[in-house]
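Student: coords please:
(one chain, ligands or ions: 2)
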Amino acid sequence: MSSAFHIHIGGAGVMIGDMLWKLYEKEYNEATQNNYIYEEADGNHYPLALFFDTDDRKIHEVQRNKSIKYKKHSFLHGKEDASTYARGRYNDGREVTEQAIDCIRKQIETMSRLDEFVITCSISGGTGSGCLSFLSQVLNEEFKNKSKQNGFIIFPSSEMQNNVVGPYNAVFSIYTMTENFQSVTMFDNQSMYNVIDYQLELDFVDYQHLNNMVAQVISSYTGLRRFNNCDNSKFLSNLCPHPNMHYLIPSYGKMTLINDYARTELQEKQFIQYLTKKKCQLYQSLLFRQKQLNPFFGQYDLTLNNLDHCFGQSSNIFQCAASNYQVLPEFAQMKLTGSYFSNDASITSRFKQLRESFYKIRQKRAFHSQYQGEGLEDSEFDEARVVLQRLEEDYNSVSSIYNSQIENSNNYEL
Ligand SMILES: Nc1nc2c(ncn2[C@@H]2O[C@H](COP(=O)(O)OP(=O)(O)OP(=O)(O)O)[C@@H](O)[C@H]2O)c(=O)[nH]1
Ligand SMILES: [Mg+2]
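Tutor: Numbers count the residues shown, from 1 in each chain. Ligands and ions are numbered 1, 2, ... in the order given. Take a look at the predicted model:
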């Protein structure tokens with residue numbers, strides 16, 4: 001019997017987890033493989049999850065919800081925010097992360113087979129970046145060959161930056177996620193606001209709506225296992241054929257609205273075209289401007305255009321056969337929905353932007369002594385930047401190999 005263990009870290013990670021388990025709870029009666037995410041005992045089901053944060057506020061908010069039977073040791077918190085990566089990883093955050101790892105060990109001892117860790121957090125804060133990094137390194141050392149780490153991560157948004165050290169925290173975390181994760185599905189808050197604006201005319205949108213959207217994407221992913229008993233490891237291995245290049249851009253959209261009588265339902269093919277529009281992306285990769293086709297996106301798009309049937313005919317299209325449950329009533333008007341994951345070379349433009357913001361702060365040596373005082377070695381600044389630069393180069397080099405293959409095959413056809 002295989003399972004997934006969910007880890008929700010830091011303020012954003014914990015609140016996304018809260019929304020996700022509310023959604024899982026609604027889906028419980030329809031899912032056939034609930035033991036993938038729950039421990040079932042004495043006629044009850046207990047989430048296989050850990051929520052942890054360096055401060056207690058968000059944790060108490062989740063605990064207030066008594067309708068879900070969380071285990072006692074599913075929650076852990078410290079006394080105060082970490083704020084910086086260094087503090088989360090080496091300083092105050094260290095103790096709570098060590099306790100968290102003990103809790104995880106205890107919980108997974110009872111499982112016969114653990115397939116994956118599903119991790120949620122935002123990497124612009126100190127807890128989501130620093131505690132995550134230490135945790136994921138330890139998990140990788142202990143479980144590397146058995147259980148993969150798959151992250152659903154909020155990246156700093158280029159337009160909505162509310163934390164000056166966000167680029168520092170994010171770049172240090174990318175270093176760890178590149179080494180230890182099987183996949184990282186990227187979200188940014190501004191893009192999610194835009195997607196909601198584009199698809200639903202709501203008067204008011206807050207973090208709860210964004211978290212509901214992230215929860216939908218995660219639920220569709222684990223839903224492959226829970227509803228269809230389909231091996232979702234294939235889903236990610238198809239998408240991430242190259243080591244390290246495992247950064248995915250998700251899109252989310254509706255096929256139709258419940259009361260939208262004027263508009264007919266989109267056909268499956270049209271729906272995929274709609275979903276692959278930039279306006280449906282939950283992470284804004286910048287427009288990738290080059291003459292040749294974008295290697296990943298372009299090829300994938302071509303495959304989709306040539307499809308007669310959407311499901312079952314391509315190893316890249318999966319169907320999570322389940323009703324569309326939603327936690328927030330505003331989202332319930334979406335009838336059929338889809339999530340689209342793309343491993344897209346346009347991501348390099350965002351990595352470059354992040355690396356430049358990191359470099360600007362570093363050049364001024366701003367916050368430098370603070371990070372050092374909290375335990376970061378001077379060399380780690382440069383190592384992190386180099387890892388990010390190497391990742392960009394990897395994407396670019398694969399991109400040029402694909403482009404030359406496409407050019408060659410075009411010449412051959414002529
Ligand atoms: N989508 C979403 N984003 C959030 C939420 N809460 C905070 N954020 C964003 O995530 C960033 C990091 O905030 P937190 O997750 O609270 O930070 P943390 O990981 O707890 O780290 P520290 O509090 O700095 O120790 C913020 O700057 C916000 O942009 C949330 O509930 N949902
Ligand atoms: Mg916090």
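Student: any idea whether Ile153 is helix, strand or coil?
Tutor: Reducing the assignment at Ile153 to three states with DSSP: H, G, I helix; E, B strand; the rest coil gives strand.
Student: Count the residues that sit near it.
Tutor: By the other Cβ atoms under 10 Å criterion, the neighbourhood of Ile153 contains 30 residues. Bear in mind the C-beta positions are built from the backbone N, C-alpha and C, glycine included.
Student: hey, what's it bridged with?
Tutor: When bridges are taken as DSSP bridges, the partners of Ile153 come out as Cys121, Met186.
Student: isn't it right up against Met186?
Tutor: Yes - here Ile153 lies in contact with Met186, judged by Cβ atoms under 8 Å, at a distance of 6.1 Å.
Student: Strands of the stretch 1-150 of the chain, start to end?
Tutor: Remark: strands of the stretch 1-150 of the chain, listed N- to C-terminal, are 2-9, 38-41, 44-47, 49-53, 75-77, 113-122, 148-154; assignment by DSSP state E, counting those that start in this stretch.
Student: Ligand 2: which of those strands is closest?
Tutor: Ligand 2 lies closest, by Cβ to the ion, to one member of the strands of the stretch 1-150 of the chain: strand 49-53, at 5.8 Å.
Student: Ser67: which of the strands of the stretch 1-150 of the chain is closest?
Tutor: Comparing the strands of the stretch 1-150 of the chain by their distance to Ser67 (Cβ to Cβ), the top pick is strand 44-47, with 12.0 Å.
Student: The closest one packs against which elements?
Tutor: The contact analysis (3 or more Cβ pairs under 8 Å, 6 or more residues apart in numbering; DSSP states H and E) places strand 44-47 against strand 38-41.
Student: what about the closest residue to ligand 2 within the stretch 51-200 of the chain, neighbour count?
Tutor: With Cβ to the ion as the measure, Asp81 is the residue of the stretch 51-200 of the chain nearest to ligand 2, at 4.4 Å. Asp81 is surrounded by 19 other residues when neighbours are defined as other Cβ under 10 Å.
Student: Now it, what are its backbone angles?
Tutor: Listed backbone geometry of Asp81 is phi -50, psi 150, with angles given as degrees, to the nearest 10.
Student: which sections of the stretch 51-200 of the chain are below the confidence cut-off?
Tutor: Screening the stretch 51-200 of the chain residue by residue with the criterion pLDDT under 70, one finds the ranges 160-161.
Student: so what's whichever residue of it sits closest to ligand 1 up against?
Tutor: Residue nearest to ligand 1 within the stretch 51-200 of the chain: Gly125 (2.2 Å; Cβ to the nearest ligand atom). With Cβ atoms under 8 Å, 6 or more residues apart in numbering as the criterion, the residues that contact Gly125 are 10-12, 81-83, 88, 163, 169.
Student: State the helix or strand in which Thr178 lies.
Tutor: Thr178 is part of helix 166-180, with elements assigned from DSSP states H and E.
Student: And the contacts of that helix?
Tutor: Counting contacts by Cβ under 8 Å, 6+ apart, the residues touching helix 166-180 from outside are 84-85, 89, 123-126, 128-130, 132-133, 136-137, 139-140, 149, 151, 153, 155-156, 163, 184, 244, 351, 354-355, 357-358, 361-362, 367, 371, 380, 383-385, 387-388, 391.
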